[in-house]
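> next come a sequence and a model predicted from it.
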Amino acid sequence: MSVTRFRFPFVEMPPEATQLRQEVREFLAEERANGGYTPMADCWAGGMSAEFSRKLGQRGWLGMTWDKKYGGHGRSFLERYVVTEEMLAAGAPVMAHWIADRQSGPQIIKNAAPEVRDAIIPRIVSGECFCAIGMSEPGTGSDLASVSTRAEKVDGGWKVNGTKLWSTGAHGPGCDYMITLLRTSPLDTSARHKGLSQFIIELNTPGVDVRGIADIGGQVHFNETNFEDVFVPDSHVLGEVGGGWNMVVGELALERSGPERFLSTFIVLQEAMRLLVNNPSEQTQEVLGQVVAKIKTLRRMSLGIAGLLQEGSSPEMEAALVKDMSTNFERELLEKLRRILPQNVLFSSAGLLPTLLREGVLRVPSSTLRGGTNEVLKGMIARQLGIR
Amino acid sequence: MTDSDNIIFDTASRIFDDLSTAEVINDAEAGTWPEALWQAISESGLNLTWVPEDNGGIGASILDGFAVLKAAGGAAVPVPLAESLFAGWLLAQAGLQVSGETATVAVGELSLTDGKLSGSAQGVPYARNAKQIVTLVETAGKVQVVQVAAEQCELIEQTNMAGEPADTISFNAVAVVQAGEPGEGFNGENVEAMGALIRCVQAAGALSAALELTIEYSMERVQFGRAIGKFQALQHSIAAFAGEVAAMNAAADAAAEAVARAPSIDHDAWIEIATAKTRLEEAVNNGAAVAHQVHGAMGFTYEHSLHHVTRRLWAWRDEFGSDVVWARRLGAEVLSWGADELWPRITAVTDAR
Ligand SMILES: Cc1cc2nc3c(=O)[nH]c(=O)nc-3n(C[C@H](O)[C@H](O)[C@H](O)COP(=O)(O)OP(=O)(O)OC[C@H]3O[C@@H](n4cnc5c(N)ncnc54)[C@H](O)[C@@H]3O)c2cc1C
């Protein structure tokens, strides 16, 4: 009887990571105190501040794990984990750089032409250049291989036509590039994953039209981007032509296991605690026990995955499991808190806690969609378990 | 926890595979003592895993013992292995000698006068199969680990939901075999916490076993012309079940490691144990429900062995403080940290010491 199907090894932070945590905490406390930011729920997907991102760049907290020879800081995954989890727990506005720092940068370093890489990476590291992801389309959501926006070969490059949808932050200041998945040869229904390629498209190229889309809270979060005969030079193809599928699969795996999957609503809990400590009922104790037990366990799992990544394994099933459970938890936390918070917090629109709670409730439906829906994840888990 | 590359774990798994069969488990519930299974366990010294060599044990690590318990939970072993380990650990806390006989730990209202133990204890696991009973007596500022011979005690047979012995014992001025003082600060809370952790680790093993049974069954059982595991509704339930199993194993491992890091059970370890026992609630609720749903009517029969693990899961979540009681305790602890210490306390677990 196997009891080792899932691995989540204990990870102890190295001393330099613990020291770094103190530095990050001091920075955040100072920023919060002097009005540098107001905490928000789902801060990595809703807190856009180019200025704040630049401050992190100046501190050396962007591109942390990237090789120094490309302009990165050559630090460990665990040190990056510390910085990201501290930002999330504090509800800091880290949206502007999040995608570039998490997935576009590593992708560019691995697959871009050297001159393109050298033009982009140092600017991401300094917090002056951000990226968007162009995978989804009007007709393409979970079934990513159905992408139909196409690139045709022309002299010296490619001509792109079609529409990308839901690209987070593409409208934001400093968002210069979209890493775009395009069809480079006609769809072969017997091999749908073939003929896809990734491109780095400069968003100020003629023919690119980025239009913001407001989310249910009224905030412009994502975009529809139209491409009309947009010329993209050969140098801006990422990796091999036709190798796009494997690249996005790898990218999505990176995207899946980070602390942003269980901490998006943590700040609501933290601020709620200020009220809850007064005359707590047995129900309050019970709820807090349950949610903290879950957070601690999810963190153990998420960090275990970071440990495995650091040693070079690719724990795909674990990452899918953790994302599925974590994103459900982000919603459950709010549901549980509602049951123990006073009425006036629930219906007020003034003050930090009511604002955070509202923000949380209005943003959390996206948790179980973005980065692969929970249904798609469960399908992947079932395949790994051997049932599917 | 190093389950797979661990000799003790491998030995344990082999013994359980051979000797803790469905028939043996059912017979044990009906009252037949599984002598061959216990023989093999005691010959290999598995029951003494937590006892230092100086006290008569085999001096393996705390984590080795927990690995054995995970395997034992998965195999639903119907003998007081967990209880004997627990009793050995408790005796060793007071530097006492440990024999290899079957033993269990009693928690109750007890007092010690002139070297005689009096009082009663309920729900004592496997008491009727134990030769030795170990308990902690706290009187007037003095804490003592006490061992008595089971044959000197009065016993009313009762069972838990899994049909495991959970007897009531009366101690009527029973002569003490040996007694000793544990280390500074050790008290009844530590005993209960260790009991809770033992159940969490066994439950993690039992959940893993239930998941394996469920995966296998979903690939074998055919309806509407295909294996039922091909239906997406079941794939998704089973994937969610896998999440619960993974989470419970992670939580139990985290708590076991915290105990292994501490000299005994310190406050940090207590918090990890509270976390694991609290997390057990949903893991059992959701996990056992999916296991039974996928198994259909077949899994509802006594003949099928799914109930060997699911009934134990339902029993174990209640023992040594139920999951809900522990959630309240953990919540009270969290409230004592306050808002600003919440996050630092969560991260402190993994920060360099
Ligand atoms: C806030 C937010 C930000 C986003 N940012 C980006 C971005 O930056 N770049 C980008 O490219 N995309 C982005 N997305 C898009 C995201 O990747 C998609 O929403 C996601 O892949 C699902 O696609 P869809 O919304 O078209 O839903 P659909 O695929 O149409 O799915 C609708 C429902 O059907 C279910 N479903 C679909 N197929 C199956 C199946 N085979 N079995 C069972 N159920 C199924 C889904 O799980 C879902 O519940 C973002 C989305 C959100 C909400």
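Yep, that arrived.

> any idea how far the strand or helix carrying residue A:56 is from the chain center?
Following DSSP states H and E, one finds residue A:56 within helix A:50-59. Counting by CA atoms, centre = their mean, to the nearest Å, helix A:50-59 is centred 18 Å from the centre of its parent chain.

> so what does that helix touch, helix or strand wise?
Counting contacts by 3 or more CB pairs under 8 Å, 6 or more residues apart in numbering or on different chains; DSSP states H and E, helix A:50-59 packs against helix A:15-33, helix A:95-99. C-beta: built from backbone N, CA, C; applies to glycine.

> now do it: everything it contacts.
Under the contact criterion CB atoms under 8 Å, 6 or more residues apart in numbering or on different chains, helix A:50-59 has outside partners A:27, A:31, A:36-37, A:62, A:83, A:87, A:92-94, A:96-97, A:125-128, A:130, A:172-174.

> one step back: save the helices and strands packed on helix A:50-59 as JSON lines, and put in distance to chain B, mean neighbour count and mean pLDDT too.
As requested, those are exported to JSON lines (distance: least, CB to the nearest CB, whole Å; neighbours: other CB atoms under 10 Å in any protein chain shown; pLDDT from 0 to 100):
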{"stretch": "helix A:15-33", "distance to chain B": "4", "mean neighbour count": "16", "mean pLDDT": "97"}
{"stretch": "helix A:95-99", "distance to chain B": "20", "mean neighbour count": "26", "mean pLDDT": "97"}
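
> can you list the neighbours in contact with the longest strand belonging to chain A?
As assigned by DSSP state E, the longest strand anywhere in chain A is strand A:220-233. The contact list for strand A:220-233, computed with CB under 8 Å, 6+ apart, reads A:45-46, A:132, A:134, A:149, A:151, A:154, A:156-171, A:178, A:199-201, A:203, A:205-215.

> just confirm yes or no for the following helix or strand past the helix holding residue A:56 near chain B.
Per DSSP H and E, the first helix or strand lying C-terminal to helix A:50-59 is helix A:77-90. Yes. Applying CB under 8 Å from any CB of the partner chain, one finds that helix A:77-90 is in contact with chain B at A:85, A:89.

> mean confidence (pLDDT) on helix A:77-90, please.
When pLDDT is averaged along helix A:77-90, the result is 97.

> which parts of the stretch 151-300 of chain A sit against the ligand?
Counting by CB under 6 Å from any ligand atom, the stretch 151-300 of chain A comes close to the ligand at A:166-168, A:221-222.

> please narrow the contacts of strand A:220-233 to those residing in helices.
Residues of these located in helices (DSSP state H): A:45-46.

> tell me the buried residues in stretch A:42-61?
Within stretch A:42-61, the residues scored as buried using 16 or more other CB atoms under 10 Å in any protein chain shown are A:42-50, A:52-57, A:60-61.

> thought residue B:112 was touching residue B:173?
No. Counting by CB atoms under 8 Å, residue B:112 stays clear of residue B:173, with 10.1 Å between them.

> so what sits against both of the two?
Common neighbours of residue B:112 and residue B:173, using CB under 8 Å, 6+ apart, are residue B:118.

> the more surrounded of these two?
The neighbour count for residue B:112 versus residue B:173, taken as other CB atoms under 10 Å in any protein chain shown, is higher for residue B:112 (19 against 11).

> and that one, how close does it get to residue A:262?
48 Å (CB to CB, to the nearest Å).

> before we move on, what about residue A:157?
42 Å.

> please say which of the two ends up with more neighbours.
Neighbours per residue (other CB under 10 Å) separate residue A:157 from residue A:262, with residue A:262 holding more: 27 against 17.

> for the more buried one, give me its contacts.
Counted by CB under 8 Å, 6+ apart, residue A:262 has contacts A:295, A:298-299, A:302, A:322, A:326-327, A:329-330.

> rerun at 7 Å
By CB atoms under 7 Å, 6 or more residues apart in numbering or on different chains, the contact set of residue A:262 is A:295, A:298, A:302, A:326, A:329-330.

> could you report the neighbour count for the residue in the stretch 101-250 of chain A positioned nearest to the ligand?
Nearest residue of the stretch 101-250 of chain A to the ligand (CB to the nearest ligand atom) works out as residue A:141 at 1.9 Å. The burial count assigned to residue A:141 is 15, neighbours taken as other CB under 10 Å.

> residue B:184 now?
Applying other CB under 10 Å, we find 7 residues neighbouring residue B:184.

> pretty sure it sits in a strand.
No. Using DSSP: H, G, I helix; E, B strand; the rest coil, the secondary structure at residue B:184 is coil, not a strand.

> per-residue confidence for it?
Taking residue B:184 on its own, its pLDDT is 91.

> any idea how far it lies from residue A:139?
For residue B:184 relative to residue A:139 (CB to CB), the value is 69 Å.

> got a list of contacts for the helix or strand bottoming out on mean pLDDT in chain A?
Sorting the helices and strands of chain A by mean pLDDT, DSSP states H and E puts helix A:244-256 at the bottom, at a mean of 82. For helix A:244-256, contacts defined as CB under 7 Å, 6+ apart pick out A:102-103, A:106-107, A:111, A:135, A:144-145, A:181, A:193, A:196-198, A:238-239, A:314, A:316, A:319-320, A:323, A:371-372.
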